[in-house]
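Participant: Got a predicted structure here, sequence first:
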Amino acid sequence: MVMITASGKGTSSTKGTNSTKVASSTSGTNSTKKASGTWSPPEFDESLPREVTVMEGEPAELPCVVFKLKGRAVSWIRQRDLHVISANGLTFTSDERFKVTLDNATSSFTLGVAEALRNDSGVYECQVNTRPKLSRPVSLKVLVPAARIAGATELFIRRGSTLVITCTAQLHPTAPSKVEWVHNSSVVSISGGRGGVSVHTERGGPQLSSTLSLAKVEMRDAGNYTCRPHSLTPASVTVFIVDDEVPAAMHHDSGVGRGGGCPLPALFYSALAALTCPALCPALCPALTCPVPPYPAPS
């Protein structure tokens, strides 16, 4: 009896131990499951650029890669009007230039714009449908190719000196490096009868630079000079030829109104003097020396 009782107690003790072990094991398992079920939000690949710049007419690609997506949808939103362009691989726009390239292996959602236009410039958001929503903005800048002549739009130069005008432009990668210079309505030629004319054009990548030089300028060289790169918006400058030293006041694009008491640009007084009497020019604007040769007073 004693041995049986002892055996029963031993058995009871063993069961208690097993029960404790099972409870402990179950508790540990639940704890592990809870830890493994902790929610982790998706993450964007921040190594990708946030700004994309292209020339008008070129294709543009706005990158977006999302880690730990776990089946959530990814959309592209145009920020200026909150237009939903796409959701995953579906596109919601009638503009066929927009298309999303989806790569499930890398969780990549690339928004492509074929032949980007200047109006496409702006901020686009790559958005994940979490709560709260996660988004990553990408800025698209579309440059409009155009020629540019630095400095004032009016240039005064002394007769007999050398005229130098430099024009720059950003070109498409496939655009030719051709630049045409026009004086008034005539194309400038280095082999023409004038002589002393040179044009130097060079290109480094998309950057184009062209310099026109005219030696020993005369009155006939005055007028409008236009730089016309191939298929780009041209740039122009107006050149005035003067007999004497160029007055300091004439270096300003806005005329001589700064401190000289002249309410209108220098060009107005010069034209008035040429049509009437040169004496009117300094009379109306004391700070200005008339850039025209003497004409007889009208009878």
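Facilitator: Everything's here; your move. Because the structure is predicted, anything quoted here is derived from the model rather than measured.
Participant: Point out where the protein drops to low pLDDT.
Facilitator: Along the chain, the model assigns pLDDT under 70 to residues 1-37, 244-299.
Participant: quick check: domain ranges of it?
Facilitator: As given by automatic domain parsing, the domain ranges for the chain are 43-143, 147-246, 258-292.
Participant: and the closest residue to Val128 other than its chain neighbours, what is it in contact with?
Facilitator: Closest residue to Val128 apart from its sequence neighbours, by Cβ to Cβ, 6 or more residues apart in numbering: Leu134 at 4.4 Å. For glycine as for every other residue, the C-beta is placed from the backbone atoms N, C-alpha and C. Leu134 sits next to Pro41, Pro42, Phe44, Gln127, Val128 when contact means Cβ atoms under 8 Å, 6 or more residues apart in numbering.
Participant: If we use 7 Å, what do you get?
Facilitator: For Leu134, the contact set (Cβ atoms under 7 Å, 6 or more residues apart in numbering) comprises Pro41, Pro42, Gln127, Val128.
Participant: swap in Thr238?
Facilitator: Applying Cβ under 7 Å, 6+ apart to Thr238 gives the contacts Thr153, Glu154, Leu155, Asn224.
Participant: Neighbour-wise, which one of the residues you listed leads?
Facilitator: Within these, neighbour counts (other Cβ atoms under 10 Å) peak at Leu155, which reaches 21 neighbours.
Participant: Quick check: nearest residue in space to that one, chain neighbours excluded?
Facilitator: Excluding the flanking residues, the one nearest Leu155 by Cβ to Cβ, 6+ apart is Val239, at 5.0 Å.
Participant: any idea whether that neighbour is helix, strand or coil?
Facilitator: strand (DSSP: H, G, I helix; E, B strand; the rest coil).
Participant: and it, bridged to which residues?
Facilitator: Under the criterion DSSP bridges, Val239 forms beta bridges with Leu155, Gly223.
Participant: and it, what is it in contact with?
Facilitator: Val239 neighbours (Cβ under 7 Å, 6+ apart): Leu155, Ile157, Leu163, Asp221, Ala222, Gly223, Tyr225.
Participant: any idea how far Val188 is from it?
Facilitator: 12 Å (Cβ to Cβ, to the nearest Å).
Participant: Neighbours of the residue lying closest to Ser231 once chain neighbours are set aside, how many?
Facilitator: Among residues not flanking Ser231 along the chain, Ala175 sits closest, at 6.4 Å (Cβ to Cβ, 6+ apart). Counted by other Cβ under 10 Å, the residues lying close to Ala175 total 19.
Participant: okay but Ala175 is in contact with Gln207, surely?
Facilitator: No. Using Cβ atoms under 7 Å, Ala175 makes no contact with Gln207, being 11.8 Å away.
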